[in-house]
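# Fold the following and give me the result.
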Amino acid sequence: VLADPPFWTARSLLLMATLGILHTALALVLYFNGLKSVKVQHASVLSYIDPVSALVYAYAIYAEVPAFFTALGGFLILTASCLVIRRPNVAVSA
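This next block holds a predicted model:
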């Protein structure tokens, strides 16, 4: 940055503000508010859905077709998440 300082334009500042406010701050506020309504046990399981949503968005927006094993992995993640969330509460004895 010191050797080649950036050239600030109105467009670059707007894009950085959009990235900081919308894609970072608002997304985190929504994420943490959503965690308040989910059981602690389910919150970690639901975090595994992030990579699966990236696959769906890549297909929907960029028409990237996932490889077979990538799609299979996404399916297994969703299946395991459903099984864990729908599982009745079982007391674990030591």
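
# list the buried ones in the helix or strand harbouring T79?
Assigned by DSSP states H and E, T79 belongs to helix 68-86. When neighbours are counted by 16 or more other Cβ atoms under 10 Å, the buried residues of helix 68-86 are found to be 74, 77, 81. The way it works is simple: take the backbone N, C-alpha and C, and place the C-beta from them, glycine included.

# Let's see the least confident helix or strand in the chain by mean pLDDT as CSV, backbone CA atoms only.
Taking all helices and strands of the chain together, the one with the lowest average confidence (mean pLDDT, DSSP states H and E) is helix 40-46, at a mean of 81. Taking C-alpha atoms only, helix 40-46 is exported to CSV below (Å, rounded to 0.1, in the frame of the first residue of the first chain):
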residue,chain,number,x,y,z
VAL,A,40,-27.5,-24.1,21.6
GLN,A,41,-27.2,-27.7,20.5
HIS,A,42,-28.7,-26.9,17.1
ALA,A,43,-26.6,-23.7,16.5
SER,A,44,-23.4,-25.6,15.8
VAL,A,45,-25.1,-28.1,13.5
LEU,A,46,-26.8,-25.3,11.6
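
# Check which helices and strands it sits against.
Helix 40-46 sits against helix 68-86, with contacts defined as 3 or more Cβ pairs under 8 Å, 6 or more residues apart in numbering; DSSP states H and E.
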